[in-house]
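Asks: compute the structure for the input listed below.
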Amino acid sequence: MQQQYDGIDVSVYQGTVNFQAVSQAGIEIVYIRAGTSPDRIDTKFEVNARKALDAGLHTGFYYYLRARTTEEAASQARRFHSLIAGKTFDCRPAMDYETFPGLTREQINENAAAFLKTLQGLLGYAPLLYSDAYRVRTLWNSSLNAYPLWIAEYGVDRPKTTGAWETWSGFQYSDAGSIPGIQGRVDLDHFRSSVFIQDPSPEPAPDRYTVQPGDTLWGIAKAHNTTVTALAELNGIVNPSLIYPGQQLLIPSGGQGSYFLYRVQKGDTLSEIALRHNTTIEILVDLNQIADPNRIYPGEILKIPRA
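Replies: Here you go, the predicted model:
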């Protein structure tokens, strides 16, 4: 099962956003409007992109498309790409296409396909398609389900249907949210790890063990062919002598193999982790397929090579 993240999406309509406060409120992902057709840049795009990055948030961008022809759609995809090409982001860019007066269903689908296909060619991976639930049910055809779905449906715990898609990657469940750091209403979202350009979840995932009466961390470590230190680091245990029945522990995969798992703590940097565990940044980047060595996140689990 994919990991789920709390998120929001913002534009000029949210005014000045305090992204540090947003992050402290538990928001992990923010999607930022870059612009809209024809050639309009969201006036808060640059500052939102910079401040979201400074706050350590996972970041993605979306573009509000208005196109009457496939040529216009492809041109706007190129425009979107030019806006975000110099930015740091780790979530798939998204197309928001919901204004199409006078167009047929076939023309709308062709325009959407032209935008998404052009953008994918520029990015090298599939972008997201954002849409409300009604259009997911009635408008989009199955040729678009190769692009991950970001669906909007309010007042429900989960989307009632995903149409031609097997599942969703993003779920906008409210347009009237209240979040510290933002004055007024904001869209609220749940995102799954499939929105990331590179899935940050660890592979293979660590096993889980429920502490039993009489267990010690030493005994659990021995039974699972690992160490007390590895268990303590992975589970954030300050005092290895204090565990309790019913407690859920993550068990490092790999046992006494080539690596163990480490949970990133607040304030950690990759260089500090490398120094602490007698390895190098380059090795950690390669082992964990890290796209940007300057961006690791509290709670992220890294593979650490054994000394």
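Asks: only C-alpha atoms from now on, for both contacts and neighbour counts.
Replies: Fine.
Asks: low-confidence stretches in the protein?
Replies: The chain contains residues with pLDDT under 70 at 1, 199-207, 253-260, 306-307.
Asks: show me the helices in it, by range?
Replies: Taking DSSP state H, the helices of the chain run over residues 19-24, 45-54, 70-84, 105-123, 133-138, 217-223, 228-235, 270-276, 281-288.
Asks: in CSV, list those helices along with distance to residue 241.
Replies: Below are the helices of the chain laid out as CSV (distance: least, Cα to Cα, whole Å):
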stretch, distance to residue 241
helix 19-24, 31
helix 45-54, 38
helix 70-84, 50
helix 105-123, 50
helix 133-138, 51
helix 217-223, 7
helix 228-235, 10
helix 270-276, 23
helix 281-288, 30
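Asks: to residue 261, which of those lies closest?
Replies: Closest to residue 261 of those is helix 228-235 (Cα to Cα; 6.3 Å).
Asks: contacts for the closest one, please.
Replies: 217-218, 221, 237-238, 240, 249-252, 260-263, 301 (Cα atoms under 8 Å, 6 or more residues apart in numbering).
Asks: also stretch 96-115?
Replies: So stretch 96-115 is contacted by 62-71, 73-77, 95, 129-131, 139-141, 144 (Cα under 8 Å, 6+ apart).
Asks: equivalent analysis for stretch 269-285, please.
Replies: 290, 291, 293, 294, 296, 302, 303, 304, 305, 307.
Asks: now it: how far from the chain's centre is it?
Replies: On the basis of Cα atoms, centre = their mean, to the nearest Å, stretch 269-285 is displaced by 24 Å from the centre of the chain it belongs to.
Asks: before we move on, back to that, from the contacts of helix 228-235, pick the one nearest residue 124.
Replies: Set against residue 124, the nearest of the contacts of helix 228-235 by Cα to Cα is residue 301 (26.0 Å).
Asks: quick one, what contacts residue 149?
Replies: 128, 129, 130, 131, 165, 167, 168, 169, 170.
Asks: surely the second one touches residue 92?
Replies: Going back to what we said before, that points to residue 129. No: Residue 129 lies out of contact with residue 92 (Cα atoms under 8 Å); the separation is 9.8 Å.
Asks: still on that earlier bit, so which of the helices of the chain comes closest to residue 151?
Replies: Nearest to residue 151, of all the helices of the chain, is helix 133-138, at 6.0 Å by Cα to Cα.
Asks: mind listing what's buried along the closest one?
Replies: If you call a residue buried by 16 or more other Cα atoms under 10 Å, then helix 133-138 has these buried ones: 133, 136.
Asks: show me what it is packed against.
Replies: The contact analysis (3 or more Cα pairs under 8 Å, 6 or more residues apart in numbering; DSSP states H and E) places helix 133-138 against strand 149-152.
Asks: now with 6 Å, please.
Replies: Applying 3 or more Cα pairs under 6 Å, 6 or more residues apart in numbering; DSSP states H and E, we find helix 133-138 packed against no helix or strand.
Asks: can you pull the contacts of residue 34?
Replies: Contact analysis of residue 34 by Cα atoms under 6 Å, 6 or more residues apart in numbering lists 42, 45, 62, 63.
Asks: which residues does the second one contact?
Replies: Remark: with contacts taken as Cα under 6 Å, 6+ apart, residue 45 is in contact with residue 34.
Asks: now it: how far from residue 31?
Replies: 11 Å (Cα to Cα, to the nearest Å).
Asks: residue 277 now?
Replies: Counting by Cα to Cα - residue 277 and residue 31 are separated by 35 Å.
Asks: now the buried members of the contacts of helix 228-235.
Replies: Applying 16+ other Cα under 10 Å to the contacts of helix 228-235 flags 217, 221, 249, 250, 251, 252, 260, 261, 262, 263, 301 as buried.
Asks: ramachandran angles for residue 141?
Replies: Torsion angles at residue 141 (phi, psi; degrees, to the nearest 10) stand at phi -90, psi 170.
Asks: burial count for residue 158?
Replies: Residue 158 has 15 neighbours, counted by other Cα atoms under 10 Å.
Asks: give the contact list for it.
Replies: Contacts of residue 158 by Cα under 6 Å, 6+ apart: none found.
Asks: which ones are touching residue 55?
Replies: 19, 20.
Asks: one more pass at 8 Å, please.
Replies: Listed by Cα under 8 Å, 6+ apart, the contact set of residue 55 reads 19, 20, 23.
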